[in-house]
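> Structure, please.
(one chain, ligands or ions: 2)
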Amino acid sequence: MTTQALDEIKIGGLGASRKRVEDDRFIRGKGNYTDDVVLPGMLHMEILRSPLPHARITSIDTSKAWALPGVHLVLTGEMMATRNLAWMPTLSYDTQAVLATDKVRFQGQEVACVIADDPYIAKDACELIEVDYEPLPPIVNPWQGLEPDAPVIRDDKEGQADNVVYNWEVGDKAGTDRAFEQADVVSKLELHYPRSHPSPIECCGSVADFNRATQKLTVYMTTQAPHIIRAAVAMVAELPEQMIRIISPDIGGGFGNKVPIYPGYVCSILASILLERPVKWIEDKTGNLISTGFARDIYLKGEMALRKDGKILGFRMHTDADHGAFFADAQPSKFKIGLMHSTFAAYDIPVAHLTARGVYTNKAPGGVAYRCSFRVTEAMFFQERMMQAAADDLGLDQAAFRRMNFVRDDDFPHRTALGFLTDSGQYAKCLDVGLAAIDYDSFRKEQAEARKRGRLLGLGISTMTEPLGAGNSREYDILGIKMFDSADLKVHMTGKAILRTGAKTQGQGHETTWAQIVAHELGIPAEDVTVEEGDTDTAPFGMGTYASRSTPVAGAAVAMVSRKIRAKARKLAAHLLEVSEEDIDWELGRFYVRSAPSQGVSIQECAMAAYSNMPDGMEPGLENTAYYDPPNLTWPFAVYIVTVEVDPETGVWDVLRMVAVDDCGVRINPMIVEGQIMGGLTEAYAMASMQFITFDADGNCVGSNYMDYLLPSAWETPGYELHSEVVTPCPHHPIGAKGIGECAAVGGPAAFVNAVMDALGGTGVRNIDMPVLPDRVWEALTYRRDVAGYPPVRQD
Ligand code: MCN
Ligand code: CUN
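Ligands and ions are numbered 1, 2, ... in the order given. A predicted model of the protein is given here:
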């Protein structure tokens with residue numbers, strides 16, 4: 001028996017830019033999305049939404065809807081209440097109305113549902129439902145909500161006398177006060193990160209199928225975390241967990257939109273139970289944009305204590321988050337404002353203090369992490385805007401100021417001022433690569449020359465480090481469920497395998513990359529490994545995909561389960577080679593006798609032996625499961641540099657160049673990583689330049705369609721220059737990988753805004769809120785003043 005060592009890249013292992021296997025079916029139109037699921041006898045559900053942002057419901061008359069031929073069921077909050085389902089728990093220890101009973105609390109809130117033979121009948125019937133509303137004053141920003149005489153939005157909650165969701169703080173207040181007493185210079189900044197929406201191509205939806213005979217409930221749905229949904233359905237609907245099967249089929253983009261539990265899911269499930277027929281609900285675009293997955297909408301202000309030479313002595317920060325009517329987004333239980341306190345984690349700052357307040361308003365639930373590990377996007381945006389302002393106040397060079405304050409390579413592990421433990425990185429090196437790529441010194445010269453001729457050029461730097469991979473389970477849980485993840489690997493007798501994990505891909509390419517980890521660990525070619533996710537009847541328990549946790553946690557579990565398989569295969573190899581296990585060595589895909597390397601067996605031969613020729617006493621089969629509880633988060637780092645030219649006549653700005661230097665540790669699939677970065681940068685550009693979803697003074701959502709809420713097309717999207725030469729392996733991840741899925745969306749926005757602000761240097765303008773629209777730039781230039789987003793930042 002002789003086999004050759006394998007070339008890892010050829011078998012699609014670690015580092016191979018393997019083409020995405022899932023794209024075969026997507027580009028042929030053969031994907032299987034929730035709306036593709038068609039079951040015999042299936043009915044269709046539509047939702048009636050509130051036209052008003054805040055109103056008492058005095059009556060709901062559904063008789064005309066019931067009378068429409070083809071209608072099978074009309075659900076109202078009152079009927080939900082008889083099943084104890086009018087309200088449901090949220091992922092942040094709040095409650096949320098499934099269908100409104102007492103009041104409506106945001107425009108677009110779910111009031112009633114109709115289930116009919118087809119979606120058109122259901123929609124028509126919705127329009128026949130007569131609801132009497134008694135309007136209440138709408139609250140559209142935190143400041144209105146905090147007024148002493150503001151109406152209490154959540155009067156349903158016992159003991160809730162105002163609109164405050166939480167007050168939270170972290171850090172060392174007294175120590176920070178002392179740092180400010182010693183400061184030579186104090187730099188301040190205040191800004192609004194506007195409401196944005198992940199807006200995946202596919203909206204949310206579900207097909208619920210309750211079978212009375214078997215008592216089994218199967219739900220096909222657009223969720224990033226199927227096991228969490230299964231547990232929630234078991235608890236809320238009081239169904240036995242083993243009788244619930246959640247299947248998350250192909251997902252047309254998640255971006256955080258598909259983490260929360262939405263009323264439509266719950267209603268379709270109840271309707272299927274009541275009617276004993278499958279019920280499909282597919283949200284329309286406006287429904288998606290008006291009621292689900294809002295992100296950001298947060299006011300940030302802070303100040304930095306500085307020494308003349310540029311050393312940062314400490315910072316204080318306060319945030320006011322507009323959570324909408326229900327505190328419904330997911331966060332680790334311990335932290336009210338997500339991981340906001342990761343702000344400034346890449347900088348060596350001795351002391352800091354952060355306070356955070358959440359406020360209820362008459363808007364759809366907000367605060368969902370949109371391509372962001374629980375509020376890190378806001379944290380990094382404030383950080384890099386503040387760094388720019390502080391460097392300007394000190395009259396220091398932007399790059400030099402950052403470099404002198406970075407945590408140094410030999411300072412890891414590093415405890416941040418607000419309590420995180422960062423473990424690796426080469427921050428200065430990333431910055432240097434970025435500066436060299438953009439040709440920093442030449443650009444500064446060109447900028448000065450251009451300025452003399454009235455041309456406004458600008459350069460913006462942004463850096464980010466993101467805590468990715470929640471957990472570990474000691475610190476991270478959602479509703480008490482600890483955050484870890486899992487992988488299950490079954491190697492069949494012919495050496496082919498099927499791998500399942502507790503994560504759920506929505507476009508990130510798990511079907512491609514997980515097989516590469518198996519190939520790396522076992523030498524089984526990636527094309528011989530099928531990857532399956534999202535079916536709770538077959539996948540091992542896991543917490544799903546968000547916060548770029550899949551590679552850090554589920555990906556680690558894939559490596560660990562492969563190693564378990566390899567350990568058993570080694571015993572089989574010893575048996576086949578008739579030597580003891582200790583005399584065997586491993587090279588990719590092959591065990592061989594150490595003293596006679598030409599004698600070896602392949603992993604495939606071991607697999608066959610596991611079913612046909614195992615040693616006496618050995619349990620047959622070659623299958624295993626690993627649960628992985630990471631010791632820490634992973635901490636990728638990135639530097640983004642943008643150059644722009646601003647037209648002083650119109651305020652229009654164009655991106656000249658964008659350089660991105662990402663260090664996400666070992667890259668499993670470099671091509672997929674680059675795709676993730678480009679996608680994230682494009683979302684960053686959209687947020688910085690054009691996206692605007694807001695509310696007028698009457699609480700109407702402005703931006704609930706793609707005429708008002710803009711998505712950049714290939715035409716507007718700038719070109720990106722990506723750099724991958726800095727690789728700092730994660731010290732605790734089995735293959736040294738760190739997460740990457742969100743980094744560019746997190747760190748990107750500040751680079752664009754900083755570039756425009758840099759172009760305006762010398763005008764005294766300190767801030768223009770996103771989106772940095774041309775009219776805002778024009779206003780800033782013309783009147784030499786800051787431009788706040790709507791609603792204006794309160795000056796107290
Ligand atoms: N990868 C890699 N090497 C690394 C890190 C990651 O090859 N060192 C690969 C992974 O194996 C995976 C992809 O890059 O195929 C992203 O991995 P990871 O950073 O672990 O992120 P997740 O898989 O957990 O994806 C979640 C992340 C989040 S939270 C949002 S939001 C987002 C994002 O991914 N939503 C997306 N990227 C998206 N991309 C698409 N196409 N669609 C979405 O909905
Ligand atoms: Cu952070 S949005 Mo993604 O976590 O699904």
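
> which ones are touching the residue of the stretch 501-650 of the chain found nearest ligand 2?
Residue of the stretch 501-650 of the chain nearest ligand 2, by C-beta to the nearest ligand atom: Tyr546 (2.9 Å). All C-beta spots, glycine's among them, are computed from the backbone N, C-alpha and C. Shown in contact with Tyr546 (C-beta atoms under 8 Å, 6 or more residues apart in numbering): 224-225, 254, 256, 259, 330, 369.

> so which of the residues you listed also contact ligand 2?
Restricting the contacts of Tyr546 to those near ligand 2 by C-beta under 6 Å from any ligand atom leaves 224, 254, 256, 259, 369.

> which secondary element of the chain has the worst mean pLDDT?
Every helix and strand in the chain was compared by mean pLDDT, DSSP states H and E; the lowest is strand 694-695, with a mean of 89.

> Pretty sure the residue of the stretch 501-650 of the chain closest to ligand 2 sits in a helix.
No: Tyr546: not assigned to a helix; according to DSSP: H, G, I helix; E, B strand; the rest coil it is coil.

> Return the distance of it relative to ligand 1.
5 Å (C-beta to the nearest ligand atom, to the nearest Å).

> Report pLDDT for the nearest residue in space to Glu527 that is not next to it in sequence.
Of all residues not flanking Glu527 in the chain, Gly12 sits nearest, at 6.4 Å (C-beta to C-beta, 6 or more residues apart in numbering). pLDDT for Gly12: 97.

> what kind of secondary structure is Gly12 in?
Gly12 ends up coil, using three-state DSSP.

> could you list every residue that touches it?
Applying C-beta under 8 Å, 6+ apart, we find Gly12 in contact with 18, 515-516, 519, 525-527.

> following the helix of greatest length in the chain, which helix or strand shows up next?
Looking across the chain with DSSP state H, the single longest helix is helix 556-577. Following helix 556-577 in sequence order, the next helix or strand is strand 584-587 (DSSP states H and E).

> So which bits of that following strand are buried?
584, 586 (16 or more other C-beta atoms under 10 Å).

> which other residues reach the helix or strand that that strand is followed by?
Next helix or strand after strand 584-587 toward the C-terminus (DSSP H and E): strand 590-593. The contact list for strand 590-593, computed with C-beta under 8 Å, 6+ apart, reads 3-6, 523, 569-570, 573-574, 577, 579, 583-585, 598-603, 606.

> how about strand 590-593 as CSV, C-alpha atoms only?
Provided in CSV are the C-alpha atoms of strand 590-593 (Å, rounded to 0.1, in the frame of the first residue of the first chain):
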residue,chain,number,x,y,z
ARG,A,590,-2.3,9.7,4.7
PHE,A,591,-0.9,7.7,7.7
TYR,A,592,2.4,6.0,7.2
VAL,A,593,4.9,3.9,9.2
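
> do stretch 84-100 and ligand 2 meet?
No: figure legend: stretch 84-100 not in contact with ligand 2 (C-beta under 6 Å from any ligand atom); closest approach 12.2 Å.

> TSV please, covering the contacts of Gly12 and showing neighbour count, pLDDT and secondary structure.
Shown next, in TSV, are the contacts of Gly12 (neighbours: other C-beta atoms under 10 Å; pLDDT from 0 to 100; DSSP: H, G, I helix; E, B strand; the rest coil):
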residue	neighbour count	pLDDT	secondary structure
Arg18	23	97	coil
Ala515	28	98	helix
Gln516	27	98	helix
Ala519	28	98	helix
Pro525	19	98	coil
Ala526	22	98	helix
Glu527	13	98	helix
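
> of all those residues, which comes closest to Ala122?
Ala515 (41.4 Å; C-beta to C-beta).

> Quick check: that closest one touching Ala526?
Yes: contact criterion C-beta atoms under 8 Å: Ala515 and Ala526 qualify, at 4.0 Å.

> Mind checking what secondary structure the closest residue to ligand 2 within the stretch 301-450 of the chain has?
For the stretch 301-450 of the chain and ligand 2, the shortest gap (C-beta to the nearest ligand atom) falls at Ala369, measuring 3.4 Å. Ala369 falls in the coil class when you classify it by three-state DSSP.

> Distance of it relative to Thr634?
For Ala369, the distance to Thr634 equals 16 Å [C-beta to C-beta, to the nearest Å].

> which of those two has more neighbours?
Set Ala369 next to Thr634 and count neighbours by other C-beta atoms under 10 Å: Thr634 wins out with 30 against 26.

> For that one, list each beta-bridge partner.
According to DSSP bridges, the partner residues bridging Thr634 are Leu468.

> who's in contact with it?
468-469, 551-552, 665, 730, 733, 737-739.

> switch to 7 Å and redo it
Contacts for Thr634 (C-beta atoms under 7 Å, 6 or more residues apart in numbering) come out as 468-469, 552, 665, 730, 733, 738-739.

> Strands of the stretch 401-550 of the chain, residue ranges please.
Here the stretch 401-550 of the chain has its strands, by DSSP state E, counting those that start in this stretch, at 414-415, 421-422, 456-465, 477-478, 481-482, 485-491, 497-501, 529-533.

> what residues are up against the residue of the stretch 201-350 of the chain found nearest ligand 2?
Relative to ligand 2, the nearest point of the stretch 201-350 of the chain is Gly256 (2.6 Å; C-beta to the nearest ligand atom). Gly256 sits next to 198, 293, 295, 368-372, 546 when contact means C-beta under 7 Å, 6+ apart.

> Check for me that it belongs to a strand.
No: counting by three-state DSSP, Gly256 falls outside a strand, being coil.

> Give me the distance between it and Val368.
Gly256 is 5 Å from Val368, by C-beta to C-beta.

> Let me see the ranges of the strands in the stretch 1-150 of the chain.
With DSSP E, counting those that start in this stretch, the ranges of strands along the stretch 1-150 of the chain come out as 43-49, 55-61, 71-76, 87-89, 95-97, 103-104, 110-116, 130-135.

> Identify the residues contacting the first one?
Applying C-beta under 7 Å, 6+ apart, the external contacts of strand 43-49 come out as 72, 108-119, 122-123, 126, 129, 264, 267-268, 271, 275, 277, 279-281, 287, 291.

> For that strand, list the C-alpha coordinates in PDB.
In PDB, the C-alpha atoms belonging to strand 43-49 read as follows (Å, rounded to 0.1, in the frame of the first residue of the first chain):
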ATOM      1  CA  LEU A  43     -52.700  28.700   2.100                       C
ATOM      2  CA  HIS A  44     -51.300  32.200   2.000                       C
ATOM      3  CA  MET A  45     -51.100  34.800   4.700                       C
ATOM      4  CA  GLU A  46     -50.900  38.600   4.500                       C
ATOM      5  CA  ILE A  47     -50.500  41.100   7.300                       C
ATOM      6  CA  LEU A  48     -52.500  44.200   7.900                       C
ATOM      7  CA  ARG A  49     -50.200  46.900   9.200                       C
END
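
> just how off-centre is that strand within its chain?
How far strand 43-49 lies from its chain's middle: 28 Å, per C-alpha atoms, centre = their mean, to the nearest Å.

> Which strands border it, and is each parallel or antiparallel?
Assessed with DSSP bridges, strand 43-49 is paired to strand 110-116 (antiparallel), strand 279-282 (parallel).

> Could I have the CA atoms of the last one written out in PDB?
Yep, that's strand 279-282 we're talking about. Output in PDB follows, covering the C-alpha atoms of strand 279-282 (Å, rounded to 0.1, in the frame of the first residue of the first chain):
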ATOM      1  CA  VAL A 279     -49.500  28.400   5.600                       C
ATOM      2  CA  LYS A 280     -47.100  30.600   3.700                       C
ATOM      3  CA  TRP A 281     -46.200  34.200   4.600                       C
ATOM      4  CA  ILE A 282     -43.800  36.100   2.300                       C
END
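
> Is any residue of whichever helix or strand comes after it near ligand 1?
With elements assigned by DSSP H and E, the helix or strand that comes after strand 279-282 is helix 285-291. No: judged by C-beta under 6 Å from any ligand atom, helix 285-291 stays clear of ligand 1, getting no closer than 13.7 Å.
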